[in-house]
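>>> quick one, fold the following:
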Amino acid sequence: MNNKTVETIETAEKWVELSNQKNLEGLSKITSNELELIGPKGIGVINHQELGKWIERANLQLATIEKYAKDHFIVLVQQGTWLNDDDTIKGQAIVFTVFKVVDGQVHFLARYDKKHLKLVD
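As a prediction, this is how the structure comes out:
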């Protein structure tokens, strides 16, 4: 395994850990200030402040089941658990999270709820 792949795995795992903890300061250190994001509400570029709002609004806990990484990219197969404000479970699903990591920072993050995706028309 090459150094880029190792760095990508370590950064993505740390990102998930910090996200689960809602540690916005820690996330800001390993997230590009222009994070390209694909999620259930669409596609866009968000900054650290918007990232914090997104993390809070989602109230999501992720547990990684499998990971597939090469160079700057990693796909995590995860059990997602969405929580209500009182920490009761709102919903659960298997999700697929894709990261692009460059120089120890997440520059791209996409979350999908289906394994088979049509990426282009």
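>>> next, the contact list for Thr97, please.
Going by Cβ atoms under 8 Å, 6 or more residues apart in numbering, Thr97 touches 12, 16, 62, 75-76, 78, 109-112. Placement of C-beta: from N, CA and C, glycine included.
>>> that one - that's part of a helix, no?
No: residue state for Thr97 (DSSP: H, G, I helix; E, B strand; the rest coil) corresponds to strand; a helix is not indicated.
>>> distance of it from Lys22?
In this view, Thr97 and Lys22 are 17 Å apart by Cβ to Cβ, to the nearest Å.
>>> can you check Gln105 too?
On the measure of Cβ to Cβ, Gln105 and Lys22 end up 19 Å apart.
>>> Val101 and His107 touch, don't they?
Yes: look at Val101 against His107 with Cβ atoms under 8 Å: they come within range, at 7.1 Å.
>>> what about the helices in this protein?
Assigned by DSSP state H, the helices in the chain fall at 3-21, 24-29, 48-58.
>>> could you pull out the buried residues of the second one?
Of the residues in helix 24-29, 24, 27-28 count as buried by neighbour count, 16 or more other Cβ atoms under 10 Å.
>>> swap in the longest one?
Going by neighbour count (16+ other Cβ under 10 Å), the buried part of helix 3-21 is 4-5, 7-9, 11-12, 14-16, 18-19.
>>> and for stretch 82-102?
By 16+ other Cβ under 10 Å, the buried positions in stretch 82-102 come out as 95-101.
>>> what are the contacting residues of stretch 75-90?
Residues from elsewhere that reach stretch 75-90 (Cβ under 8 Å, 6+ apart): 12, 16, 58-69, 91-99.
>>> low-confidence ranges, the chain, go.
Low-confidence segments of the chain, defined by pLDDT under 70: 115-121.
>>> show me the contacts for the residue nearest to Tyr112 when sequence neighbours are not counted.
With sequence-adjacent residues excluded and distances taken as Cβ to Cβ, 6 or more residues apart in numbering, Tyr112 is closest to Phe96, at 4.6 Å. By Cβ under 8 Å, 6+ apart, the contact set of Phe96 is 75-78, 111-115.
>>> give me the buried entries from these.
Buried, going by 16+ other Cβ under 10 Å: 75-76, 78, 111-112, out of the contacts of Phe96.
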